[in-house]
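S.K.: Sharing a model prediction with you, sequence too.
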Amino acid sequence: MNKTILLNSRPVGKPKPEDFKIVSAESEKQLSEGEMLLKTMYVSVDPYLRGRMTDADSYIPSFELNHPIESAIVAEVLGSENKNFSEGDIVTGLLDWKKEQISDGKDLMRVDPDQAPLSAYLGVLGMTGLTAYLGLMNIGKPKKDETLVVSGAAGAVGSIVGQIGKILGLHVVGIAGSDEKNEMLKQDFGFDETINYKTTQDITKAIADACPKGVDVYFDNVGGSVSDAVMFNINNFARIVNCGAISLYNATEMPHSISVQPFLIQKRALMQGFIVMDYASQFPEAIGQLSQWLKEKKLNYTETVVEGFDNIPQAFIDLFDGKNKGKMVVKV
Ligand SMILES: NC(=O)c1ccc[n+]([C@@H]2O[C@H](COP(=O)([O-])OP(=O)(O)OC[C@H]3O[C@@H](n4cnc5c(N)ncnc54)[C@H](OP(=O)(O)O)[C@@H]3O)[C@@H](O)[C@H]2O)c1
């Protein structure tokens, strides 16, 4: 029997297990020309999927109720009538939350299991690695000896952003939600300073203390009050990469925030929204650079691996409680 995870209801606030439904059905194995049968190996759960669970207009279509959820997946080709893929190939791309599925191979990419562990193609060599590199380079425009602040620093994107900052010679400050995560940022990823946003009373002052020369680049993964605090510390001509706003994804009412305009004017700063798919033409260059740094051991990464297909929804929900260090993936 095959299993599929459907969107059962549109979450209100933090997603709940009941917002998802696992259904079983006979596996389809009959392939037409151009098709192949895929077995899911690793599933990426990502905060941005929360946005697709609402029916609001966005840069990517909403999931439909009672339809499968899709995310980046690494899968094995069990059988193929597609001339571009053979049985035994390992592929990655956006696929349904199904244990097995038939695909026409469109937008799927073959990956090399000898180059990197398969789950890395969902993280450091996948969408989150690309986001870190391309967001930082294109909008953050980091320069040696500048100061980079990263929020969501211990997550998939943030932990890579901070390390790239160190490779490029910046003073790097990470903001994350536990002392254990912050210890990891310093020990394993070379961050210079860290701030625990859950226990620090005055985050504005903590940022000022951690950034004696002010903030030149802010890579924002979380939005909300943490990001407000950064605005009080930006330098002239600072660059702010609006990559994510996870602190607001489950909000049923938008909280009041500071007005950013006076800060941007006084400091002649740039704040720009970033969506990784807009930079697809730069993916080969970015993957090349990230792979090179990995090979040279300049870049390190960590993952939280949850086991079992049925645990995909809970792994996704756990992102909003900060239960992951580095990339959250599910091994099926
Ligand atoms: N624009 C793009 O193209 C693009 C692409 C990929 C990702 N993103 C965005 O980048 C951000 C990071 O994504 P990711 O995949 O790397 O996820 P992640 O950081 O690996 O996981 C989410 C982390 O967010 C933190 N978090 C949860 N609730 C929070 C809150 N209320 N306030 C502050 N932090 C909170 C948690 O860490 P703590 O323990 O530190 O709280 C959690 O571990 C997300 O906002 C995502 O939407 C954007």
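M.R.: Now that the structure is in, tell me what you want to look at.
S.K.: And the closest residue to residue 60 other than its chain neighbours, how close does it get to residue 126?
M.R.: Excluding the flanking residues, the one nearest residue 60 by CB to CB, 6 or more residues apart in numbering is residue 52, at 6.2 Å. For the C-beta atoms, the positions are set from N, CA and C on the backbone; glycine is no exception. Per CB to CB, to the nearest Å, residue 52 is found 18 Å from residue 126.
S.K.: So if I had to pick from the two, which one is more boxed in?
M.R.: For residue 52 versus residue 126, neighbours defined as other CB atoms under 10 Å are more numerous around residue 126 (24 against 18).
S.K.: ok, and the closest non-adjacent residue to the more buried one?
M.R.: That would be residue 72: by CB to CB, 6+ apart, it lies 6.0 Å from residue 126.
S.K.: Quick one, grab the pLDDT at that neighbour.
M.R.: Looking at residue 72, its pLDDT is 98.
S.K.: residue contacts, it?
M.R.: By CB atoms under 8 Å, 6 or more residues apart in numbering, residue 72 lies in contact with 43, 44, 46, 92, 93, 94, 95, 122, 126, 127.
S.K.: beta partners for it?
M.R.: residue 94 (DSSP bridges).
S.K.: and it, how far is that from residue 45?
M.R.: In terms of CB to CB, residue 72 sits 9 Å off from residue 45.
S.K.: and the gap between the residue nearest to residue 126 and the ligand?
M.R.: 10 Å (CB to the nearest ligand atom, to the nearest Å).
S.K.: Equivalent analysis for residue 316, please.
M.R.: Using CB to the nearest ligand atom, residue 316 is found at 10 Å from the ligand.
S.K.: now do residue 151
M.R.: Where the ligand is concerned, residue 151 sits at a distance of 7 Å (CB to the nearest ligand atom).
S.K.: Next: residue 254.
M.R.: 14 Å.
S.K.: Then residue 303?
M.R.: 10 Å.
S.K.: give me every residue that touches that residue.
M.R.: Residues counted as contacts of residue 303 (CB under 8 Å, 6+ apart) are 119, 123, 326, 327, 328, 329.
S.K.: Quick check: buried residues in the helix or strand hosting the last one?
M.R.: This points to residue 329. Residue 329 belongs to strand 327-331 when elements are defined using DSSP states H and E. By neighbour count on 16 or more other CB atoms under 10 Å, the buried set for strand 327-331 is 327, 328, 329, 330, 331.
S.K.: Mind listing the strands it pairs with, and their directions?
M.R.: In its sheet, and by DSSP bridges, strand 327-331 pairs with strand 36-44 (antiparallel), strand 303-307 (parallel).
S.K.: Other residues contacting that strand?
M.R.: 41-45, 119, 122-124, 128, 155-156, 301-309, 311-312, 315-316, 318-319.
S.K.: before we move on, what about stretch 220-230?
M.R.: With CB under 8 Å, 6+ apart as the test, stretch 220-230 has contacts from 149-153, 155, 157-158, 175, 197, 203-204, 207, 215, 218, 240-248, 255, 257-258.
S.K.: Enumerate every residue touching the residue of the stretch 51-200 of the chain found nearest the ligand.
M.R.: Using CB to the nearest ligand atom, residue 155 is the residue of the stretch 51-200 of the chain that sits closest to the ligand, at 1.8 Å. By CB under 8 Å, 6+ apart, the contact list for residue 155 reads 176, 221, 324, 326, 327.
S.K.: coming back round to it: so for the strand holding residue 329, what's the average pLDDT?
M.R.: pLDDT averaged over strand 327-331 gives 98.
S.K.: Give me every residue in the stretch 201-332 of the chain lying close to the ligand.
M.R.: 221-222, 243-247, 274-276, 319-320, 322, 324, 328 (CB under 6 Å from any ligand atom).
S.K.: Pull out the buried members of the contacts of strand 327-331.
M.R.: Among the contacts of strand 327-331, the ones that count as buried by 16+ other CB under 10 Å are 41-45, 119, 122-124, 128, 155-156, 301-304, 306, 309, 311-312, 315-316, 318-319.
S.K.: just checking, which of those belong to helices?
M.R.: 128, 156, 312, 315, 316, 318 (DSSP state H).
S.K.: Roughly how far does the last one sit from residue 223?
M.R.: By that I understand residue 318. Residue 318 is 20 Å from residue 223, where distance means CB to CB.
S.K.: and what of the third one?
M.R.: As for residue 312, its distance to residue 223 is 25 Å (criterion: CB to CB).
S.K.: follow-up on the earlier one: the strand holding residue 329: how far from the chain's middle?
M.R.: 11 Å (CA atoms, centre = their mean, to the nearest Å).
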